[in-house]
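In: sequence first, then the predicted structure, then my questions.
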Amino acid sequence: MAHIQLLFSPTGGTRKAAEALTACWGEMRTIDLTDPHIDFAQCRLQPDDLVLIALPSFAGRVPALAAQRLRQVQGSGARCALLCVYGNRAYEDTLVEMQDLAEGCGFAVIAAAAAIAEHSIVHEYAAGRPDAADTARLQEFGQTILAQADAQPHPLGLPGNRPYKQAGAASSIPLPTADCVRCGLCALRCPAQAIDPADVSKVDKAKCIGCMRCAALCPHGARQPDPAVVRAIAQRIQAPCAVRKECELYI
C-alpha cells in the first residue's frame, strides 16, 4: 500500500493541515495540483493505495483550477480521505463537491475532514492556524482514518448543497509594488500561469484565481492585492470569522 496526497496548497495552509493529518501515515508521496507542468492524466493510483485529497475552499467551493486537474487523475478504486481547508468563515459546498470529484475519478471515499488555516487574503482571520490544538486534532483524525482504511465506503452525510453555490471570480488580484525587483519568481510559481514572465506587472485576469501564492512567496513582500479590496473583504466576512471554528471529521 502506498500513501499519497493530492495537494492544492498555493500559500501553504492546506499543506500544513494535510501534513498534520497524515503524520502517522508514514512515507507520503505528493502529487502537487498547483504544478502546471504535470500531466495529471498520467497519474494513475493503485486499488490498494490510501490517498488524501487536500484542497482549500475558495468562497465555499473547490477552486476551479484544482477541480480541472483533479478530474484527470485515475483513482482506480483507491481508498481516499478528503480534507477541506478554509479561512474560518465557512466551507459551504466544498466538501460535497470534493466528494463528487473524487468519486468521479474512481476513488472510494472513506472519510472527510475540514480544517482551518490562516485566511489567505485577510491574514488577521485565523492567524497562525493550524495551531497546536488544530494539529493535535488533525493527528487524531489521521489515526482514526488509518485504522479504518480497509473499511467499506459508506454514505458520510457531508454538509453542503447540490447543486453547489455559484462560484465567484477572483476578487483580489495581487500586483507588484514599488519594491518589486522583477525577479520573476511569481510568474514561475503561479499555479494558473496568469503572470507574464516578461513583464510581471501584467496579469491575465481571466486566468488568475486569486490564490495569493505570488504575494505569499515574494521574497521582498512586493506583490500585494489592492488594500481597499482587502478591507472590503475583511468587513464582509468579519462576523462569521469572529467565532473560532474547529476541525471536523466525517467517517
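Out: Thanks, I have the structure now.
In: please identify the buried residues of the helix or strand harbouring A113?
Out: In the assignment (DSSP states H and E), A113 maps to strand 108-116. For strand 108-116, a neighbour-count test (16 or more other CB atoms under 10 Å) marks A108, V109, I110, A111, A112, A113, A114, A115, I116 as buried. From N, CA and C alone the C-beta is placed, and that goes for glycine too.
In: so where's the stretch 101-250 of the chain uncertain?
Out: 169-170 (pLDDT under 70).
In: all helices for it, in order.
Out: Secondary structure of the stretch 101-250 of the chain (DSSP state H, counting those that start in this stretch): helices at 132-147, 185-189, 213-217, 227-236, 238-241.
In: how about CSV for these, with mean neighbour count added?
Out: Compiled in CSV, those are given as follows (neighbours: other CB atoms under 10 Å):
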stretch, mean neighbour count
helix 132-147, 18
helix 185-189, 18
helix 213-217, 21
helix 227-236, 13
helix 238-241, 13
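In: in TSV, list those along with distance to L70.
Out: Output for the helices of the stretch 101-250 of the chain, formatted as TSV (distance: least, CB to CB, whole Å):
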stretch	distance to L70
helix 132-147	19
helix 185-189	20
helix 213-217	18
helix 227-236	26
helix 238-241	27
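In: figure out which of those helices is closest to R79.
Out: helix 132-147 (9.1 Å; CB to CB).
In: put the alpha carbons of stretch 157-169 into CSV.
Out: Extracted C-alpha coordinates of stretch 157-169, given in CSV (Å, rounded to 0.1, in the frame of the first residue of the first chain):
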residue,chain,number,x,y,z
GLY,A,157,-23.6,12.7,5.3
LEU,A,158,-21.4,15.6,4.4
PRO,A,159,-22.7,19.2,4.9
GLY,A,160,-23.3,21.1,1.7
ASN,A,161,-25.7,21.5,-1.2
ARG,A,162,-26.2,20.1,-4.6
PRO,A,163,-26.4,22.0,-6.8
TYR,A,164,-23.4,23.9,-5.4
LYS,A,165,-23.5,27.6,-4.8
GLN,A,166,-22.4,29.8,-7.7
ALA,A,167,-18.6,30.1,-7.9
GLY,A,168,-17.2,33.6,-7.8
ALA,A,169,-14.4,35.1,-9.9
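In: quick one: closest of the helices of the stretch 101-250 of the chain to L7.
Out: helix 213-217 (13.2 Å).
In: how far out from the middle of the chain is that closest one?
Out: Centroid separation for helix 213-217 versus its chain: 15 Å, with CA atoms, centre = their mean, to the nearest Å.
In: elements contacting it?
Out: helix 185-189, strand 223-224 (3 or more CB pairs under 8 Å, 6 or more residues apart in numbering; DSSP states H and E).
In: how about CSV for those, with distance to R79 added?
Out: CSV is the format used below for the helices and strands packed on helix 213-217 (distance: least, CB to CB, whole Å):
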stretch, distance to R79
helix 185-189, 31
strand 223-224, 39
